[in-house]
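Chemist: quick check, what structure comes out for this input:
(4 chains)
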There are 2 protein chains.
Amino acid sequence: MLKSATNRADGQRHSMAQRIERALLDEIGTGDLRPGQRLDEVGLARRFGASRTPVREALSRLTAQGILVQGERRGVFVAEYSREELSQIFEAMHEIEAACARIASQRLTLLSRSEIEAAQVACVAAAEIGDRSQYLRANESFHLAIYRATGNPYIAEIASEFRRRTGPFRAKKFETRDDLLASARSHAELINDIFSEDSATASRSMRSHMTASFLETLRAN
Amino acid sequence: MLKSATNRADGQRHSMAQRIERALLDEIGTGDLRPGQRLDEVGLARRFGASRTPVREALSRLTAQGILVQGERRGVFVAEYSREELSQIFEAMHEIEAACARIASQRLTLLSRSEIEAAQVACVAAAEIGDRSQYLRANESFHLAIYRATGNPYIAEIASEFRRRTGPFRAKKFETRDDLLASARSHAELINDIFSEDSATASRSMRSHMTASFLETLRAN
DNA sequence: TCTTTTCTTTTTGTATACAAAATTGCGACA
DNA sequence: TGTCGCAATTTTGTATACAAAAAGAAAAGA
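Modeler: Coordinates of the predicted model:
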C-alpha cells in the first residue's frame, strides 16, 4: 500500500493515523462505538485498510486524551464510567463550562454573538423537525461557539475535550422530539444570560443548564 | 534487543514507550529540554537505546497532551508560547486552580490536610537550604496534594496537565533563595485560606496566588 | 552574481516481521 | 466433576525495512 498522506479528493491532507483517529472519535461521539467496547488493533487495521502502525498511533493518542482507556489486562476500550465517575466528570465539566460562560460574557463581540445565535437557530430547526443527529451536531456547534467566544483556545480545548468524553452519555438523553425542544428552550435562556454581559449571571445560568443536563444524563444511563 | 516490558530492578514494569514519555516529560518539566527545541526521532531512539517505534508513540502521546507541538513542516518541538499565549494559558489555569481550591476547601479530610501540610513542610525545608530542584519537586507535590483534596481525579488531571505545560516557564522564576522563600510564604497563606473551609475565601486566595505567580513568570520569560 | 533546476540527503509515515506475555482451551489427574 | 498444568493461540510491544515527501546542496544557466 502506498504512503497514506496522499492528496485526497476532498482536499484534506491527513495522514492515515489522523484519519483513523478522526473516524474513531466520530463513531464514539455518535454512540456508534459504545462505552466499554473493545477496540481490536488488527480488526481496525483491516477495517481501514491499513497496518497496525497507524491504528496504534490513533489509539495511543485517543488514550492520552482519555477517550479510550487501556484495560488492565488486554486491549483498549472505549472509556466507560460508573455513576460516581460520571458525576465527577460532570462536576469538572460544570466548572469549565461556567468559567467559559463567565469569560465569554465579558468578551462578546459581534462575531461571536452571531455565531452563537446562528448555532441556536440551527438547534431550534433540528428540534422542530425532530432530527436527533442533526440536533446533536447543532448542539455541539452551539457550545463550541460559546467556547470560542471566550477568546481563549486553551480553555476552549478543555471544554471541548470534556464534551467529547461525555458525548456518548449525553447523547442518550435525546430520545423524543420533546427532549430536543426542551434543550433548545434551555439554550434560549442561556443565550439571554450570556448576552446580558453580566458575568455572574452568565456563569450561574450555565451552571443551572449543566445541572439539568447532568440529571437527565444520569437518568438516561 | 529484547522486548522492553521487562522486569526491572526498580520493580517498575513500564514499556519502553512509557519510559521514554516519562523521561521526556521530566526533562521538559525541569527545563532540561527548552521550549522550541526540536526532538529528533532517531536521535532520541539512539539516546534511549530503542527503535523509532516507541519514541514515536511517546512523542505522539505528548503531542496529544499539548506538551509538544508538531511543526508546520518538519519535526516535533517542545511547545513554545508567546506572551499572549502564555497569558491565555494562565487564564485557563487560574480558573481550574480556583475551582480546585474551592472544591478542596469543601471536602477537606484529615488525610488531605496532612498531605498538604507535609508538602508545605518540604517546600519550606527546600526553600531554606535554597535547593532549587528540590523546591520544584516539593512545590509540585504541594499543588498536587490540593488537587487530590478535591476528591475529583478528572479536575485534578486537568490541573496537573496545565502545571506540566507551564512547568518550564514557571521554573524560570525560581532563581534565588529569596524567590523560594517568597513562594513558600505565599503557600502558607493559601493553606490558611483553604483550611478555613470557606470556599469563596479559598478560591479568592488561590486566584491571588496564581496572579502573583503569573506576573513573576511573565517577568522571567 | 543571482536564479533556477536537479540531485542528494533527511525526515516522515507505514508495512511487515518477530519475540515476549498473556489468554485460552484442552487434557490429565485427583 | 473439579482443578491443575501445559500447549496452542492471541495479543502486545518493538525492530527493521522501505517508499514518499520535504529540505538542503550542488550545478547549470542567465
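
Chemist: how about the longest helix seen in chain A against chain B, any contact?
Modeler: When chain A is parsed with DSSP state H, its longest helix is helix A:83-106. Yes. Counting by C-beta under 8 Å from any C-beta of the partner chain, chain B is contacted by helix A:83-106 at A:88-89, A:91-92, A:95-96, A:99, A:103. Glycine gets a C-beta too; all of them are placed from N, C-alpha and C.

Chemist: out of these, who's nearest residue A:71?
Modeler: residue A:89 (19.3 Å; C-beta to C-beta).

Chemist: how much space between that closest one and residue A:137?
Modeler: Here residue A:89 is placed at a distance of 22 Å from residue A:137 (C-beta to C-beta, to the nearest Å).

Chemist: neighbour count winner among the two?
Modeler: residue A:89 (22 against 17; other C-beta atoms under 10 Å in any protein chain shown).

Chemist: pretty sure that one contacts residue A:79?
Modeler: No. Between residue A:89 and residue A:79 there is no contact under C-beta atoms under 8 Å: 9.7 Å.

Chemist: return every residue with contacts to both of the two.
Modeler: Shared contacts of residue A:89 and residue A:79, defined by C-beta atoms under 8 Å, 6 or more residues apart in numbering or on different chains, comprise residue A:165.

Chemist: packing partners of the helix or strand bottoming out on mean pLDDT in chain A?
Modeler: Lowest by mean pLDDT, DSSP states H and E among the helices and strands of chain A is helix A:199-220, with a mean of 88. Here helix A:199-220 touches helix A:83-106, helix A:153-171, helix A:177-195, going by 3 or more C-beta pairs under 8 Å, 6 or more residues apart in numbering or on different chains; DSSP states H and E.

Chemist: on that earlier part again, now the longest helix of chain A: buried residues?
Modeler: For helix A:83-106, burial by neighbour count (16 or more other C-beta atoms under 10 Å in any protein chain shown) applies to A:86-105.

Chemist: can you check stretch A:168-177 too?
Modeler: A:168-171, A:173-174.

Chemist: in TSV: those, plus pLDDT.
Modeler: Output for the buried residues of stretch A:168-177, formatted as TSV (pLDDT from 0 to 100):
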residue	pLDDT
A:168	81
A:169	86
A:170	86
A:171	82
A:173	84
A:174	84
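
Chemist: identify, from the residues you listed, the entry nearest to DNA strand D.
Modeler: residue A:168 (21.1 Å; C-beta to the nearest atom of the strand).

Chemist: any idea how far the closest one lies from residue A:198?
Modeler: 34 Å.

Chemist: ditto for residue A:170
Modeler: Applying C-beta to C-beta to residue A:170 and residue A:198 gives a distance of 27 Å.

Chemist: equivalent analysis for residue A:171, please.
Modeler: 32 Å.

Chemist: repeat that for residue A:131.
Modeler: Taken as C-beta to C-beta, the span from residue A:131 to residue A:198 is 34 Å.

Chemist: and for residue A:14?
Modeler: Taken as C-beta to C-beta, the span from residue A:14 to residue A:198 is 42 Å.

Chemist: do the same with residue A:136
Modeler: 30 Å.

Chemist: the more surrounded of the two?
Modeler: Between residue A:136 and residue A:198, counting by other C-beta under 10 Å, residue A:136 is the more crowded of the two (20 against 15).

Chemist: just give the nearest non-adjacent residue to residue A:120, would you?
Modeler: In space, and not counting its chain neighbours, residue A:120 is closest to residue A:187: 5.5 Å by C-beta to C-beta, 6 or more residues apart in numbering or on different chains.

Chemist: now do the contacts for the one you found.
Modeler: A:120, A:123, A:142, A:209.

Chemist: and the gap between the second one and chain B?
Modeler: When you say that, I think you mean residue A:123. 26 Å (C-beta to the nearest C-beta, to the nearest Å).

Chemist: number of nearby residues for that residue?
Modeler: Quick note: residue A:123 (other C-beta under 10 Å) scores 26 neighbours.

Chemist: where does the record place the domain boundaries for chain A?
Modeler: What automatic domain parsing lists as the domains of chain A is A:16-78, A:83-220.

Chemist: so which of those comes closest to residue B:38?
Modeler: Judging the domains of chain A by C-beta to C-beta, what sits closest to residue B:38 is domain A:16-78, at 19.9 Å.

Chemist: show me where pLDDT drops low in chain A?
Modeler: A:1-13, A:73 (pLDDT under 70).

Chemist: residues of it that sit close to chain B?
Modeler: So chain A meets chain B at A:53, A:56-57, A:60-66, A:88-89, A:91-92, A:95-96, A:99, A:103, A:151-155, A:157-158 (C-beta under 8 Å from any C-beta).

Chemist: near DNA strand D too, which of those?
Modeler: A:53, A:56 (C-beta under 7 Å from any atom of the strand).

Chemist: after the longest helix of chain A, next one along is what?
Modeler: helix A:110-129 (DSSP states H and E).

Chemist: for that following helix, packing partners?
Modeler: Against helix A:110-129 (3+ C-beta pairs under 8 Å, 6+ apart) you get helix A:132-149, helix A:177-195.

Chemist: of these, which stretch is the most buried?
Modeler: helix A:132-149 (a mean of 20; mean count of other C-beta atoms under 10 Å in any protein chain shown).

Chemist: hmm, who's touching that one?
Modeler: A:30, A:97, A:100-101, A:104, A:107-109, A:112-113, A:115-116, A:118-120, A:122-123, A:125-127, A:155-156, A:159-160, A:163, A:171, A:174-175, A:180, A:183, A:187, A:194.

Chemist: stretch A:14-33 near DNA strand D anywhere?
Modeler: No. Shown here: stretch A:14-33 not in contact with DNA strand D (C-beta under 7 Å from any atom of the strand), separated by at least 10.2 Å.

Chemist: that stretch: which residues count as buried?
Modeler: Result for stretch A:14-33 [16+ other C-beta under 10 Å]: buried residues A:16-21, A:23-25, A:28-29, A:31, A:33.

Chemist: from the middle of its chain, how far away would it be?
Modeler: Here the centre of stretch A:14-33 is set off from its chain's centre by 13 Å, with C-alpha atoms, centre = their mean, to the nearest Å.

Chemist: returning to what we had before: wait, which of the helices and strands packed on helix A:110-129 is closest to residue B:215?
Modeler: Of all the helices and strands packed on helix A:110-129, helix A:132-149 comes closest under C-beta to C-beta, at 26.2 Å.

Chemist: quick one: the closest one to helix A:177-195, angle?
Modeler: Taking axes from the mean of the first three to the mean of the last three C-alpha atoms, to 10 degrees, one finds helix A:132-149 and helix A:177-195 inclined to each other by 10 degrees.

Chemist: CA atoms of helix A:132-149 as PDB?
Modeler: Only the C-alpha atoms of helix A:132-149 are listed here, as PDB (Å, rounded to 0.1, in the frame of the first residue of the first chain):
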ATOM      1  CA  ARG A 132     -31.800  13.800  16.500                       C
ATOM      2  CA  SER A 133     -28.400  13.500  14.900                       C
ATOM      3  CA  GLN A 134     -28.800  16.900  13.300                       C
ATOM      4  CA  TYR A 135     -29.600  18.300  16.700                       C
ATOM      5  CA  LEU A 136     -26.600  16.700  18.200                       C
ATOM      6  CA  ARG A 137     -24.400  18.400  15.700                       C
ATOM      7  CA  ALA A 138     -26.100  21.800  16.100                       C
ATOM      8  CA  ASN A 139     -25.900  21.500  19.900                       C
ATOM      9  CA  GLU A 140     -22.200  20.800  19.700                       C
ATOM     10  CA  SER A 141     -21.800  23.900  17.400                       C
ATOM     11  CA  PHE A 142     -23.700  25.900  19.900                       C
ATOM     12  CA  HIS A 143     -21.500  25.100  22.800                       C
ATOM     13  CA  LEU A 144     -18.300  25.300  20.700                       C
ATOM     14  CA  ALA A 145     -19.400  28.800  19.700                       C
ATOM     15  CA  ILE A 146     -19.600  29.800  23.400                       C
ATOM     16  CA  TYR A 147     -16.200  28.300  24.000                       C
ATOM     17  CA  ARG A 148     -14.800  30.200  21.000                       C
ATOM     18  CA  ALA A 149     -16.400  33.400  22.400                       C
END
